[in-house]
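S.K.: Build me a structure from this.
(3 chains)
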Amino acid sequence: MDHLFLAWKNLWRNRRRTIITLAAIAFSIMLVQAAHNLSYGVYAGMVDSGVRAGSGHIAVYRQNYLESRDETLHFPDRNLITEITAIAGVEEVLPRLYIPALAQSSRESRGVMVIGVDPQRERRINPFLKELNKNSMVRATDSRDAVIGVRLLDELQIKPGQKFVVTAQHQDGKLHSELLRVRGVIKSGMKDIDGSLIMIGRERAGLLTGSSGSVHELAIILTNSDDKETVLGQVSTLIEAHPGIEAVNWERAMPNLANAIKLDYASQKFIFLIILLIVTIGVINTLLMSVMERMREFGVILALGSKPMTLRIMIMTEALMLGLLAAAIGTLLGSLATWYLVSTGIDLAAFVPETLEFGGVVFDPIMRASWDPAWMVKIAGYVTGLTLLASLYPAIKAGRITPVEGMRHH
Amino acid sequence: MLLSLAFRNLWRNRRRTLLTLSAMVVSAALLILALGVFSGMFKDMLASATEQYYGHLVLAKPEYHLRRDLFANLSVDITNHPALMNEPEILARSPRLRSFGLLSKQLSSQPVELLGIIPELEQQVTSLQNKITAGDYPKLEDRNGAMIGQGLAKKMKLKLGDELVFVTQAADGSIGNDLLIVRGVFATGDSRNDNNLVLVPLPWLQEVVVLPGRIHEVAMTLANPMLAAEVADRLTPHLPENTEVLGWGDLLPEMREVIAAYGVSRMIIVTILYLATGLGILNTFFMSVMERTREFGILMAQGMRPMAIRALVLLETLFLGGIALAIGLFCGALMTLYMQQIGIDLTSYITPITYAGGTILPRLHAVFEVANFLVPAGMLLLVSLVAGFLPANRAARLNPVVAVRED
Amino acid sequence: MSLIELKNVSKIYRLGNQEIPALTNVSLTFDEGEFAVLAGPSGSGKTTALNLIGCLDRPTSGEVIVSNLTLGTASSKQLADFRLHHIGFIFQSYNLIPVLTAAENAEFTLMLQKVPKLKRRKIVCQLFADLGIDGLEDRRPADLSGGQQQRVAIARAMAANPHVILADEPTANLDSHTAEELLALMRQLNQEKGTTFIFSSHDDRVISQAQRVIRLEDGRLADDSKESQ
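M.R.: Predicted coordinates:
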């Protein structure tokens, strides 16, 4: 029996109080776990669509390209694509040329970003092209087919099938133009993309600037994002043979997305912190009340020959049990909530715009959670620790009384 | 009498009351701070779009904002249309001509968006003059002096005094091209502006695109940006046919919806936080009622009605709520003030983040917004009352004979 | 050598700026096996004297020596240990721990002494039988009458087989019949096991049962039946 047994019984001495405190702790654990899992899921979704449309989980660049976006910093990909695709865990490698250019129709001109791609690979991966049927995609790397943003199409006042011209700076110093034909239309929901993106075959793009056979970026898509660091290491080793080229993770390649997630999670953490702070104050209050009303009993226990330390340990054991019980109940509720959020999710369509852009990706209005069990256990542990911490003051206080003082209480 | 009794009762168990009070104060104050910072982010975001580019209200040809059609232009005279001049909400009006084209310097060229402006007027609508990192704002007298974004300057390795060639399609179908001279560089932190936008004097651009005396839009500043939609509605009947005046909410519908959604999430956050706080209050008052069972019995035996007992307990929770509110609002306001005046710079941790058509700057900076105080305040009082209700009921339902016997 | 010795003991309590003398210059000795009562009206210093004898409190001046342990120099840890192994307590208001059953309450000191569970249950069962409360082992204090609770308290005090049992007004909350029964019981234990009993009381019926009567008045020793013999 002993201390555990006694502590357990003491815990239920004032049933209502313990239950209310338990409810407060368990409720906040549930909330924090569910909210975290929801964000975890939403962020994972954002990262997934972000890397597929953007830099990939890992991207390979010429050094300094990332910082300067200087389009002269391209590199010949030679057989890098085949070599990288051979690495375990790599789903696809997307070669891309990024060329700032001017698009002109008979009526209008607009600044655009021409992306030279490998059409087959790109269509399999890029979420912007998901809605596009096979016939609307660029047919070959050297064809004059172009897939362009819906707003850009509108602004240039042209229609699918019609021709337009893009002009860019050729390596030889002259402006060079290419005639293109609208093959497909992208509707990403992001103003920047829809208003300025033109996707063409990489050979055609190469002709525009004289950088045939070169790329600005190799976007590496992984089957499982958890393999990122391992694959990054392998890719880095592989490209050592090509001096001046570097491999970076998506956090570096897409700071906008990484920071959006960071900032969003930081503000969420602040709210978590407030909740935990309030709960801790509540626990201190409960434990202190429970200690204060038992002063006489503590006096008796001390008189019977118990050491102050035994008393302190008993009170802290009570807190530990309260914390563990609350952690168990809270985690159970948190799991239930997560389960609901994973299977059903929250439909925010009524509250957020259809195409809300955040950190460079479109925010899915149906938010779905993902399980992060390690974090759930961690937060349950934290809260148990906080409960134990909250018992320090009451425990010290109880250990400090003398038997005579204690028994005089009431 | 009941009031002073309630007030004194609060301080019978000083430690317990203070702990409960501190939980309430912490939740209210930190909440106010957090909401102030969130509002600050939204304000930065809105400002990045309106004060650095759009303005609060824009007059143009219908659907111009969707297509940016070169030919959807207006006479510059519309800037001084009486309807605009007589609207007291409008503080400033700036006529603008827009052109997209390629900016080249030797081996480097970049697609850009040129805004032809009248410097004195534009400075009253957008605030790029406060973001200049080198050189000066364009001047009308300096015919082809341009101000460019820092991103563009870096990419094309431009410095003040450099000559650039701007190439575009003119309204007469010819290829317009002319020389520009870099006179100033600005940095807003928003990559869309910093990499793309070039400000040039209006007459020069009118000449290049062959649209003399024409503009695309009149951008306006309002005394209260939140009234943009209202002012737009008010102006519409008085404006010429074939024009359209839109508030920033219509130009940036996703931003309007995000700001509306913020109202909802604010309520959710406040509710959740106060649920945890409310349970603490509930606990405290249950304890306080339970240990006074005997006392309530005596009060009832002496003829105090159950309603009065209930009122007494509710008054105690309300008092506690009121005190927490006063301190919480004060501390919250103080912290918000600190964050408004000083704030926290995050530039070394994160880059600007695009969100709903705007940009969140890498800084924590709070703004004062009435709702950020009213919502937590109202909810705190409500929670105190609700949390006091159960214990109050219990006290009121005591049987005096049994209660008096209680030890 | 005597079991307990009080030499010129004074105890002064402070209440704000006031000094309240509870005991003044009291000298007493107790031998093993005594059945003594500290008598006197309330406020005469009985409880203070018991607290000092029970190593719960230290004297302001003078010396208290219990089984060769000098109170003034012992640490509070030593005192706790000493109480645990040598002294049993019985309180006026029983002071049983409400969340524990009768048997668990009686086992409490044994538990603190880390006596194995089976062994302590055996000791307590025997005690309950001796005290006539067998069958009540699993009841909570709240479900016991005052007399039964006090018997459990006696069992708790006896369980660790202490040298001295101190009882502060043990019968004050009981009716006279039960009080007499309990007193007889304690007397019996005193004679059978040789345990020293010292208790305080202001009840003449209790005092008349004692082997030795020590009278206190206003914190001073007024009369000691042993000395006057």
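S.K.: Contacts only, for residue 373.
M.R.: You didn't say which chain, so I picked chain A. The contact partners of A:P373, by CB atoms under 8 Å, 6 or more residues apart in numbering or on different chains, come to none. For glycine as for every other residue, the C-beta is placed from the backbone atoms N, C-alpha and C.
S.K.: oops, chain B please
M.R.: Contacts of B:F373 (CB under 8 Å, 6+ apart): B:I32, B:L329, B:G332, B:A333.
S.K.: Show me the residue at the heart of chain A, geometrically.
M.R.: A:Y43 (3.0 Å; CA atoms, centre = their mean).
S.K.: Backbone dihedrals for that one, both of them.
M.R.: When read as degrees, to the nearest 10, the backbone of A:Y43 gives phi -60, psi -40.
S.K.: Okay, helices next: where are they in the stretch 301-407 of chain B?
M.R.: Per DSSP state H, counting those that start in this stretch, the stretch 301-407 of chain B carries helices over the ranges B:306-341, B:370-396, B:400-405.
S.K.: mind giving me CSV with those and columns for distance to A:M190 and mean pLDDT?
M.R.: Below are the helices of the stretch 301-407 of chain B laid out as CSV (distance: least, CB to CB, whole Å; pLDDT from 0 to 100):
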stretch, distance to A:M190, mean pLDDT
helix B:306-341, 31, 90
helix B:370-396, 30, 87
helix B:400-405, 68, 73
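S.K.: Per-residue pLDDT of residue 47, please?
M.R.: Picking chain A for this. Looking at A:V47, its pLDDT is 89.
S.K.: should've been chain C
M.R.: 87.
S.K.: and it, how many residues sit next to it?
M.R.: Residues near C:T47, counting by other CB atoms under 10 Å in any protein chain shown, number 21.
S.K.: Assign a three-state SS to it, would you?
M.R.: Of the three states, C:T47 takes helix under DSSP: H, G, I helix; E, B strand; the rest coil.
S.K.: Am I right that B:R93 sits in a strand?
M.R.: Yes - per three-state DSSP, B:R93 lies within a strand segment.
S.K.: May I have the phi/psi pair for A:K163?
M.R.: phi -100, psi 150.
S.K.: residues near B:I175, how many?
M.R.: 11.
S.K.: pretty sure it is touching B:V165, no?
M.R.: No - using CB atoms under 8 Å, B:I175 makes no contact with B:V165, being 11.4 Å away.
S.K.: that older thread, just the contacts of B:F373 now: which is nearest chain C?
M.R.: Here the nearest of the contacts of B:F373 to chain C, counting by CB to the nearest CB, is B:L329; it sits at 39.3 Å.
S.K.: What is the burial count for the closest one?
M.R.: Neighbour number of B:L329 under other CB under 10 Å is 19.
S.K.: Check C:K119 too.
M.R.: 11.
S.K.: do B:A387 as well
M.R.: Neighbours of B:A387 using other CB under 10 Å come to 27.
S.K.: for it, what are its contacts?
M.R.: B:G278, B:L279, B:I281, B:L282, B:F285, B:T317 are the contacts of B:A387 under CB under 8 Å, 6+ apart.
S.K.: Briefly note if the host helix or strand of the third one comes near chain A.
M.R.: I take that to be B:I281. B:I281 is located in helix B:253-291, with elements delineated by DSSP states H and E. Yes - Helix B:253-291 comes into contact with chain A (CB under 8 Å from any CB of the partner chain), by way of B:253-254, B:257-258, B:260-261, B:264, B:269, B:272-273, B:275-277, B:279-280, B:282-284, B:286-287, B:291.
S.K.: Check which helices and strands that helix sits against.
M.R.: In terms of contacts (3 or more CB pairs under 8 Å, 6 or more residues apart in numbering or on different chains; DSSP states H and E), helix B:253-291 is packed against helix A:15-53, helix A:255-292, strand A:356-358, helix B:14-49, helix B:248-251, helix B:306-341, helix B:370-396.
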